[in-house]
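In: Show me the folded form of this:
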Amino acid sequence: MDLKMQKRIAADVLGVGESRVWIDPDRMSEVSTAITRTDIKQLIDERAIRAKPKKSTSRGRARKREDQKRKGRQSGPGTRKGSKRGRKSEKSEWISRVRPLRRRLRELRDEGLIDSSLYRDLYRKVKGGAFRSKSHLETRLKERGILEEDQNE
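Out: Residues are numbered from 1 along each chain as shown. Modelled structure (predicted):
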């Protein structure tokens, strides 16, 4: 039983490709007698002819990968593309360096370990990028004799 013509008409009516047209195997003889578009539309209404669902790419693997990335996995050097600055902006690096330095300067001033004029001077140096980190700032202050070196070191 050749249903090529019926399949072609059904595909056109349903607005899908011929490979997505499904014909009920129990009603093949009924479908083979349909020769007009009206007949085909009637069979579609009776659910003897249907359009198969679209096949698409599964997102299961993508979801699993997202879950792993949320946990901090799959972020090693083999995954990274672009430079270090491309992944973390210079501005956010600057912020994460400067805020702790300024916080430490405030602590030192409030504790009375440095006076306000030295605080201002150091504050400007922090802004100028003179210190790499809090430990670098403290090392410099100890070298200048502003902070005493801990005895338990």
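In: only C-alpha atoms for contact and neighbour calcs from this point on.
Out: Noted.
In: What is the distance between the lowest-mean-pLDDT helix or strand in the chain and the centre of its chain?
Out: Least confident element among the helices and strands of the chain, by mean pLDDT, DSSP states H and E: helix 84-87 (a mean of 84). Relative to its parent chain, helix 84-87 has a centroid offset of 16 Å by C-alpha atoms, centre = their mean, to the nearest Å.
In: Ok, stretch 44-54 next?
Out: Remark: stretch 44-54 is offset 38 Å from the chain centroid, using C-alpha atoms, centre = their mean.
In: Give me the contacts around it.
Out: Residues from elsewhere that reach stretch 44-54 (C-alpha atoms under 8 Å, 6 or more residues apart in numbering): 10, 14, 16, 20-24, 27, 31, 40, 43.
In: Quick check: the farthest pair among those residues?
Out: By the measure C-alpha to C-alpha, 16 and 27 form the most distant pair in those, at 20.9 Å.
In: Low-confidence stretches in this structure?
Out: 150-153 (pLDDT under 70).
In: picking up where we left off before, would you mind putting the CA coordinates of the least confident helix or strand of the chain into PDB?
Out: The C-alpha trace of helix 84-87 is given here as PDB (Å, rounded to 0.1, in the frame of the first residue of the first chain):
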ATOM      1  CA  LYS A  84      43.200  36.500  33.500                       C
ATOM      2  CA  ARG A  85      42.000  40.100  33.100                       C
ATOM      3  CA  GLY A  86      39.300  38.900  30.800                       C
ATOM      4  CA  ARG A  87      37.900  36.700  33.500                       C
END
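In: who does that helix touch, helix- and strand-wise?
Out: Judged by 3 or more C-alpha pairs under 8 Å, 6 or more residues apart in numbering; DSSP states H and E, helix 84-87 is in contact with no other helix or strand.
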